[in-house]
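> have a look at this fold, sequence not included:
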């Protein structure tokens, strides 16, 4: 079984923020695969189950704030017996330009608190990640303003652009499901979005 986790903050207040783009991509994927989420108390997440080209797929939106995501991911992986190689975490990345996506396997958190939490709780960084670029002119260079930026909402033009980004992300995730991370990397990391 494949596990795809969309990181973000729960609640309407954060729904359209930059920090929730991973969560939004996984919601778009659920619509594309015609499945819906329901709250599963003992998994501390909203869960959608589906199948894609013969592969069983579990979509998860942790029902906790970003920097506490690791607890829910660990619970799901243990209760559903998910191997690290079958796990894809989808999240925003301030080091990648808005409009671009990158997929990879393993590596450090690069300061992303949600990914840090997952690495800490799993005791490993050997899972795949789909990074959604959120760097714009508005994000600036000042680290002190970073938290304000990631929690701010996309404007209408940025929300329109996100439609293309979510489409590319869904295509990338589908390739990851059926062909693995190397195939997805070859197909997507060299593309200019």
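Arrived safely, thanks for sending. Everything quoted here is computed from the prediction, not taken from an experiment. Residues are numbered from 1 along each chain as shown.
> what residue is smack in the middle of the protein?
Of all residues in the chain, the one closest to the mean position by CA atoms, centre = their mean is residue 90, 1.5 Å from it.
> list the contacts for that residue?
By CB atoms under 8 Å, 6 or more residues apart in numbering, the residues touching residue 90 are 4-7, 22-23, 25-26, 129-130, 132, 169, 173. For the C-beta atoms, the positions are set from N, CA and C on the backbone; glycine is no exception.
> arrange those in CSV, one row each, with distance to residue 122 as further columns.
Listed next are the contacts of residue 90 as CSV, based on distance: CB to CB, whole Å:
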residue, distance to residue 122
4, 15
5, 11
6, 17
7, 14
22, 17
23, 19
25, 21
26, 18
129, 13
130, 17
132, 21
169, 23
173, 20
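> the residues you listed in helices, which ones?
If you go by DSSP state H, those have 22-23, 25-26, 169, 173 in helices.
> by contact count, what packs against the least confident helix or strand in the chain by mean pLDDT?
Each helix and strand of the chain was given a mean pLDDT (mean pLDDT, DSSP states H and E); the minimum falls on helix 146-150 at a mean of 84. Helix 146-150 is packed against strand 87-97, with contacts defined by 3 or more CB pairs under 8 Å, 6 or more residues apart in numbering; DSSP states H and E.
> any weak-confidence spans in this protein?
Along the chain, the parts satisfying pLDDT under 70 run over 140-144, 190-193.
> ranges for the helices of it?
21-32, 69-79, 113-122, 146-150, 156-188.
> comparing the ones you listed, which comes out most buried?
helix 21-32 (a mean of 23; mean count of other CB atoms under 10 Å).
> show me what it is packed against.
If you count contacts as 3+ CB pairs under 8 Å, 6+ apart, helix 21-32 packs onto strand 2-6, strand 55-62, strand 87-97, strand 128-135, helix 156-188.
> other SSEs contacting the first one?
Packing contacts for strand 2-6, counted by 3+ CB pairs under 8 Å, 6+ apart, involve helix 21-32, strand 55-62, helix 69-79, strand 87-97, helix 156-188.
> list the contacts of that strand.
Against strand 2-6 from outside (CB under 8 Å, 6+ apart): 22-27, 29, 55-62, 69, 73, 76-77, 80, 82, 86-91, 173, 177.
> could you redo the last one with a cut-off of 7 Å?
Identification of contacts with strand 2-6 by CB atoms under 7 Å, 6 or more residues apart in numbering yields 22-23, 25-27, 29, 55, 57-62, 73, 76-77, 82, 86-90, 173, 177.
> repeat that for stretch 104-124.
By CB under 7 Å, 6+ apart, stretch 104-124 touches 7, 66-71, 73-74, 77, 84, 89, 91, 95, 125-126, 128-129, 181, 185.
> can you list the helices of the chain in TSV and add distance to residue 12?
Output for the helices of the chain, formatted as TSV (distance: least, CB to CB, whole Å):
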stretch	distance to residue 12
helix 21-32	13
helix 69-79	19
helix 113-122	19
helix 146-150	17
helix 156-188	16
